[in-house]
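1. Sequence and predicted structure, then a few things I'm wondering about:
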Amino acid sequence: DYSTALPHLERAVTLPEGTRHVNAHFLLGETLLARDRRDDAKAIFQRIVDEMDAAHTPSLLHLAKLNLKYEEEGVKKAEELY
């Protein structure tokens with residue numbers, strides 16, 4: 001249930017032990033996507049890649065899809081991310 005999970009995941013990533021927890025951030029991003037909050041999800045996936053794990057394939061794939069679909073320069077950005 002995404003609506004129930006969202007506040008728990010948002011809180012989890014702000015806790016000291018959760019600020020660098022890749023899986024908690026990824027689940028938050030996926031939950032935001034499911035709730036049609038694409039820009040917020042994109043920010044989470046970008047944070048994972050920029051600050052936690054530059055090679056986190058699931059986040060890179062989500063970013064590639066989001067960039068392909070929602071940005072004018074999407075193909076270029078998606079290839080760069082991939």
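-> Yes, it's here.
2. Now do the helices in this protein.
-> Remark: helices assigned in the chain by DSSP state H are 2-12, 22-34, 38-47, 57-70, 74-81.
3. ok, and for the last one, which residues are buried?
-> Going back to what we said before, that points to helix 74-81. Buried positions in helix 74-81, judged by neighbour count with 16 or more other CB atoms under 10 Å: Lys77, Ala78, Leu81. For glycine as for every other residue, the C-beta is placed from the backbone atoms N, C-alpha and C.
4. for it, the distance to its chain's centre please.
-> 16 Å (CA atoms, centre = their mean, to the nearest Å).
5. One more: the third one?
-> Using CA atoms, centre = their mean, we find the averaged C-alpha position of helix 38-47 to lie 4 Å away from the chain's own average C-alpha position.
6. likewise the first one?
-> For helix 2-12, the distance from its own C-alpha centre to the chain's C-alpha centre is 14 Å (CA atoms, centre = their mean).
7. buried residues in it?
-> Here helix 2-12 shows Ala5, Leu6, Leu9, Ala12 as buried, counting by 16+ other CB under 10 Å.
8. residues contacting the second one?
-> Right, the one you point to is Leu6. Leu28, Thr31, Leu32, Arg35 (CB atoms under 8 Å, 6 or more residues apart in numbering).
9. one more time with 6 Å
-> By CB atoms under 6 Å, 6 or more residues apart in numbering, Leu6 lies in contact with Thr31.
10. Now do it against Asp50, distance only.
-> 22 Å (CB to CB, to the nearest Å).
11. Okay, now the unreliable bits of this structure?
-> 18, 68-75 (pLDDT under 70).
12. So which residue is dead centre in it?
-> Phe45 (2.4 Å; CA atoms, centre = their mean).
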